[in-house]
Every structure is written in C-alpha cells, then in structure tokens.
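1. need coordinates for the following:
(chains A and B)
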Amino acid sequence: MTALLSIRDLSVRYRRDGIEVAALKGVSLDVEAGERLAIIGESGSGKSTLALATAGLLAGGAGIGGTIDWQASQFQTPRSVAPPSVLPDISPARGEIGSSAAGSLAATQEIGEGGDDDLISPLAGEMPGRAAGGATERRSSAIGDNNIPLLGRDIGFVFQDPSSSLDPVMPVGKQIAEVAHTHLGLGWSQSLARAKTLLERVRLPDPESALRAYPHQLSGGQKQRVAIAAAIAAGPKLLIADEATSALDTIVQAEIVSLIRRLVAEDGMTLVFVSHDIALAATLAERIAVLRHGELIELGEVHRIIDAPRHAYTRTLLDAHLGLDAEPLLDRQGASA
Amino acid sequence: MTVLAVSKLSKRYRRGGKPLAAVDDVSFEIGPAETLALAGPSGSGKSTIARLVLRLLEPDAGRIEFEGADFLSLSGATLRARRARLQMVFQDPLAAFNPRATVARVLDDPLRIHGIASRAERPRRIAALLERVGLDAGLAARAIHEISGGQRQRVAIARAIATQPSLIVLDEAVSALDVSVRGQILELLLDLQRQERISYLFISHDLGVIRAVAHRVVILDAGRVAESGEARAVIDNPQSTIGKALVAATPKLNRNTPP
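-> Sure, this is the predicted structure:
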C-alpha cells in the first residue's frame, strides 16, 4: 500500500501559563491510502493535536518539529513539508510568542536539514526581526503546490462541535457550496447543486429546504451531517474526524459513524478517526493508534490491539471500558441491591 | 420505605409557539442505598426530571415525595433544610463552581450555610471530606481551575456529601471523565453508597455505565417511560423500541481473549 501521509518525528509544543507543554513527542506514523485509522487516547494524549497538525490547523503559537510527507500523487516526487499553519495566531499565548520563538527556531533548523526550501515554520511570520515577507512568499507558493495538502481540497476536517464549526448566520447550503466553489472552481449554481446532492448523500431530510436552513434550525446530529457534507464537498482524499460524534447521544452517534463509514467507502477516502472511545474506534477503524502523554505507544490492526494489546496502558484502556458484557461493578464490590 | 417517590410528573415547554412535553406522566421510586438510572436519547427528558426533582424547575403536574414529605409543597426555611438531604453532581464541575474559588471555599459553603460546623471546626471537617473522597487534604488551598477534571469531580462529590444527604442526583456525572478516571469515581460512589446508605438518581446516556452501577433503570423516550426494571435484565433483554435501539447503538468491544 502507498502511504498517503508519512509523519516522522512530529513534535508539537505549546506554551500555557508561561510553561512549555509538549503536546506531541516524536510521533512517527504512516497513514496508508484508503485505510481507516483510529487515533485514540485520553485527555492530554495529543490525539487532537496530531489531527490538527496533519490538517495544518495548529495555532501559530505552537512550536512544531518533524515532517509530514503528503504523497497524494504517486506520480510526483513526494516532498517533505513542515505542517503548514494557515490560521492567524489567535491563541491566548500570543503575547509570549517572542519568548517561544527561540525554542521553535531551533526546531526549525533541525528539520531544515531535510530540504530548507520546502519548510514552512508556522512561527516564521511571527518572529520579530525576521523577514516575514520571505516566509509569507514561501508559504503561498507552497499552498499552490500540488504536493502540499490543502485543507478543504485535499483534507476534509470534521470537528466535535458543529455549532462552532458552522457559520450561524449563513444558510447551510451556501456553506457547503462555498467549499466546492473555492476548491473546485465551480460556479455558484453548480456549487449549490452540488451542495444539494451532498445533503442528500448525508441523508438530511428534505435537502431542498435544508439548503436554505440556518444551523440553529437543525438538531445536533443534522448539524454534524452538514459539517460532514462541507468537509467532503471538494472530494478530499483524506477525511479527519476529531471526536466528531462525542457530543451526540448514543443513537445519533451510531448513525453518524455509519454515515462516515459509507461516505469513506463510496468516495475511496482515507479516514483518520480521532476518539477517546476505544470501542467506538474499533467499530469503524481497521487500525488503531494509541497515544498517551504525547507519545505513540501502540499501533496495530484493530483485532490485534483488542485481543492482544502489547502495551500495559492499552490493556488498561480496554479493561476500563464498561461494555454491555462487562461484569457490573456492583457485583465486584459485593454490594447488595 | 422509599427515599424518593415521583408520581405522574409532567412538564411542558413551549418551543416555536408549540407546546412540547419534556416530561409526560413519569413515575418511579428510589429506595435507601439504591441507584436508579434514567437512560434515554437526547431530549428524552432525563435532565428535565433531574431539575424537577431538585426543584430547579417546577412541574406542571405530579407529585414528588422526598423522605416521606410532599417536597413540592415545601418553601422557605423548611425547603432549605430539606435540600441539605438532597444533593447533586453535574457533568462539568468547572461550570458548577466558581473557578477562582479554592477547594476549601467550595467545601466551606455547605458546612456554613446549613450550619453543620462552626467556623473553628470547619477546616477539620473539610480535611475529613477531602480524605473521604480520596484527595489529599493539602488540596484545600488550591483553586478549582488548577486541579484535574477527576479531582474536581471528587471535590463535587465531597461537597455533595458534606450535608449528609440521603439522595444525590448524578446528572452525567462521569460522562466527561477519561475512562481510567471514570472507573475510580464510580468505585468511590459505590463505596459511599455502601458506607453512608446514600441513594442515587443516576442520569446517563451510557448503558454500559448504567449496567455496571445501577440497581434499576428507567428508559425514557420523548418524556415518557418506555420501560423500566432491574438494570441488567432490561439492558440485556430490552423490550421497548427505544431500549432496543439504545442497546444496538452502544459500541461493543468484542474482545476474544479474557483480560
């Protein structure tokens, strides 16, 4: 199989209350083209940071080291890029960028050995006294390059809370159409027609009137269907779902998981499914990566991870799962009814 | 003997000008040291029932009997006194507490307000409460926002037991916790129940958790009771449409090797 993504020695550091926190520590991982990979872990494991870094969504204040190779086209020579940061820095740590820049400059030089011209430091534009124009120029030329994944076109991203990822004052049809218009170069009427088809594909009842609906008129599950439609509107090769079903109730969660499974199969997409729930991950993924405290501690086929975990922490997670076949805690304690 | 008896409880909201039955003719009882779980999808009325039982909302119809008294008829000082016996723990303790307050302050409030301990005695009581929920007494001086989510939920439980309640309403109290922490908090709740004979109204969307800790379960759908009974019997063999759907939608691990 071909690796769609090769992540090598990825490290991400944030500053929080003036203290540097390592969110990811030297994570290396291949995402195979066409596979469904689950990334699981508890809070602080770095699972969402990994998803955001892959999509180039890390805030500017983060110090990033390592490489993410995107080999979307096997006919072109893959090139190494540092994860691009396309978001303006809106983190509360902004005032501390001056002091964090020194640390991340070192990281940039480290990865610079791989091929300096292709590297984009997310901090480059923020560094005082540095030629910000040069960095911006490289960044824009890099985004135009087919070998560097572009969020929306190459990577679709679904967040946990559709209420904050959807624009509350724009009809949902337009939000989906905008993705097709921007990335596929379609005209507005074609883009809206595509939005309607997508609303049908995500099984929204009455897609015609849903086009004109605003997010607040939809239920949580319906909003997540819209967010998924927008994420896949430009036909991305990779779909990243970051705790995309965690805010939904059990029944809606199961519906969204089966929707994701169907869409990924129909479009031949690669899926990265980030979750805290190992049982949920196991129902959807072919492989599971287990993260803890920013480190990748175990990676393998779902059945191998579940039936024969190699790492004690993976076993702890499995044992902590309270399934419908688990021995009730009431019995274990010998409490009386 | 029952701690809580809810009968024919109803509450309607108006949504978009149309009346919506959030809770519709719901009845159940909870005995001493018993855990009754409320399960159901979003909008089934679980949390509305919790708020009605806590009298954070007033019902349109129905009766709530708590410790043998007509709870809905109480007001003023009698209501406040009775409220000490009925406590609550919510999903997100950070939202329930003033984040700037210290742990000691959060625990001092109920002891002071309900006149449980004198000013001089309270620091010792606070230390004992922290110890009871498995926390170091040294945590008392820390701010709520500085401690971990699991520690915060232990503080919420310590505050709930400070007034020696007979019933605690747990509204998705373990839903936001990491699985490794969740198990410890559930063990703590079961231990408190055994030691102090506390009853729980345990609200959760997670049938696996309910099956692990509840004696009985009420499954709700659109504000009505769809089915109820012994927790394991209902979840292992649901009869209602919604019960079957909830069980089918619960992710299964299907481990082939015993742990």
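
2. from here on, contacts and neighbour counts on C-alpha atoms
-> Noted.

3. the residue of the stretch 1-150 of chain A found nearest chain B is in what secondary structure piece?
-> With C-alpha to the nearest C-alpha, the shortest gap between the stretch 1-150 of chain A and chain B falls at A:E42, namely 5.7 Å. In the assignment (DSSP states H and E), A:E42 maps to no helix and no strand.

4. go ahead and confirm it touches B:A176.
-> No - counting by C-alpha atoms under 8 Å, A:E42 stays clear of B:A176, with 10.8 Å between them.

5. quick check on the two: which one has the bigger neighbour count.
-> A:E42 (20 against 16; other C-alpha atoms under 10 Å in any protein chain shown).

6. just give me the longest helix of chain B.
-> When chain B is scanned for its longest helix (criterion: DSSP state H), the result is helix B:179-196.

7. which of the residues in stretch B:77-94 are buried?
-> Buried residues in stretch B:77-94, defined by neighbour count with 16 or more other C-alpha atoms under 10 Å in any protein chain shown: B:82-94.

8. nope, stretch A:315-331 is what I meant
-> Quick answer for stretch A:315-331 (16+ other C-alpha under 10 Å): A:R315, A:L317, A:L318, A:D319, A:A320, A:H321, A:L322, A:G323, A:L324, A:P328, A:L329, A:L330.

9. so what touches stretch B:12-24?
-> Contact partners of stretch B:12-24, identified using C-alpha atoms under 8 Å, 6 or more residues apart in numbering or on different chains, comprise B:8-11, B:43-45, B:48-49, B:60, B:222-224.

10. how far away from the center of its chain is the longest helix of chain B?
-> Relative to the chain's own centre, helix B:179-196 is displaced by 13 Å; criterion: C-alpha atoms, centre = their mean, to the nearest Å.

11. so for that helix, mean pLDDT?
-> The average of the pLDDT scores along helix B:179-196 is 95.

12. just checking, next helix/strand downstream of that helix?
-> Using DSSP H and E, the first helix or strand after helix B:179-196 is strand B:199-203.

13. centre-most residue in chain B?
-> In chain B, the residue lying closest to the centroid (C-alpha atoms, centre = their mean) is B:L170, at 1.3 Å.

14. neighbouring contacts of the host helix or strand of that one?
-> Assessed by DSSP H and E, B:L170 sits inside strand B:167-171. Residues from elsewhere that reach strand B:167-171 (C-alpha under 8 Å, 6+ apart): B:3, B:47, B:50, B:54, B:85-91, B:160, B:198-204.

15. repeat that for stretch B:126-136.
-> Contacts of stretch B:126-136 (C-alpha under 8 Å, 6+ apart): B:104, B:107-108, B:137, B:140, B:151, B:154-155, B:157-159, B:161-162, B:188.

16. could you do stretch B:68-76 as well?
-> B:T2, B:V3, B:L4, B:R55, B:R63, B:I64, B:E65, B:L79.

17. the same query, at a cut-off of 10 Å, please.
-> B:1-5, B:52-55, B:58-59, B:62-66, B:78-83 (C-alpha atoms under 10 Å, 6 or more residues apart in numbering or on different chains).

18. let me see the mean pLDDT of the helix of greatest length in chain A.
-> Longest among the helix segments of chain A by residue count, using DSSP H, is helix A:250-267. Here helix A:250-267 scores 96 as its mean pLDDT.

19. what strands line up against the helix or strand that comes right after that helix, and which way round?
-> Heading C-terminal from helix A:250-267, the first helix or strand you meet, by DSSP H and E, is strand A:270-275. If you go by DSSP bridges, strand A:270-275 pairs up with strand A:36-40 (parallel), strand A:238-242 (parallel).

20. export the buried residues of stretch A:315-331 to TSV and tack on secondary structure and distance to chain B?
-> Output for the buried residues of stretch A:315-331, formatted as TSV (DSSP: H, G, I helix; E, B strand; the rest coil; distance: C-alpha to the nearest C-alpha, whole Å):
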residue	secondary structure	distance to chain B
A:R315	helix	8
A:L317	helix	7
A:L318	helix	8
A:D319	helix	7
A:A320	helix	6
A:H321	coil	7
A:L322	coil	5
A:G323	coil	5
A:L324	coil	5
A:P328	coil	4
A:L329	helix	5
A:L330	helix	6
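
21. and the helices in chain B?
-> Applying DSSP H to chain B gives helices spanning B:46-53, B:76-83, B:93-96, B:103-113, B:122-132, B:149-161, B:179-196, B:207-213, B:231-236, B:241-249.

22. for the last one, output the C-alpha coordinates as CSV.
-> Okay, so that is helix B:241-249. Extracted as CSV, the C-alpha positions of helix B:241-249 are listed here (Å, rounded to 0.1, in the frame of the first residue of the first chain):
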residue,chain,number,x,y,z
THR,B,241,-38.2,0.1,20.7
ILE,B,242,-36.1,2.8,22.2
GLY,B,243,-34.4,0.3,24.6
LYS,B,244,-33.5,-2.0,21.7
ALA,B,245,-32.2,1.0,19.7
LEU,B,246,-30.0,2.2,22.6
VAL,B,247,-28.6,-1.3,23.1
ALA,B,248,-27.9,-1.7,19.4
ALA,B,249,-26.2,1.7,19.1
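
23. quick one on the thing from earlier: identify, from the contacts of stretch B:126-136, the entry nearest to chain A.
-> Looking across those and measuring by C-alpha to the nearest C-alpha, the closest to chain A is B:L188, at 11.0 Å.

24. how many residues are close by the residue in chain B that chain A sits nearest to?
-> For chain B, the residue closest to chain A is B:A212, as judged by C-alpha to the nearest C-alpha, at 3.8 Å. A count of nearby residues for B:A212, using other C-alpha under 10 Å, gives 22.

25. equivalent analysis for A:L284, please.
-> 20.

26. which residues touch A:A326?
-> By C-alpha under 10 Å, 6+ apart, the neighbours of A:A326 are A:D319, A:A320, B:G208, B:V209, B:R211, B:A212.

27. no wait, A:I232
-> So A:I232 contacts A:152-158, A:176, A:179-180, A:198, A:238-239, A:263-264, A:267, A:269 (C-alpha under 10 Å, 6+ apart).

28. just the buried members of those?
-> A:152-158, A:176, A:179-180, A:198, A:238-239, A:263-264, A:269.

29. from those residues, which is closest to A:E35?
-> Of all these, A:M269 has the smallest distance to A:E35: 7.9 Å, by C-alpha to C-alpha.

30. could you check the pLDDT of the closest residue to that closest one other than its chain neighbours?
-> Of all residues not flanking A:M269 in the chain, A:K237 sits nearest, at 5.0 Å (C-alpha to C-alpha, 6 or more residues apart in numbering or on different chains). A:K237 carries a pLDDT value of 96.

31. number of nearby residues for B:V103?
-> Neighbour tally, B:V103, other C-alpha under 10 Å: 27.

32. SS state for the residue in the stretch 51-200 of chain A that chain B sits nearest to?
-> Nearest to chain B in the stretch 51-200 of chain A, going by C-alpha to the nearest C-alpha, is A:Q160, at a distance of 13.6 Å. Assigned with DSSP: H, G, I helix; E, B strand; the rest coil, A:Q160 falls in the coil class.
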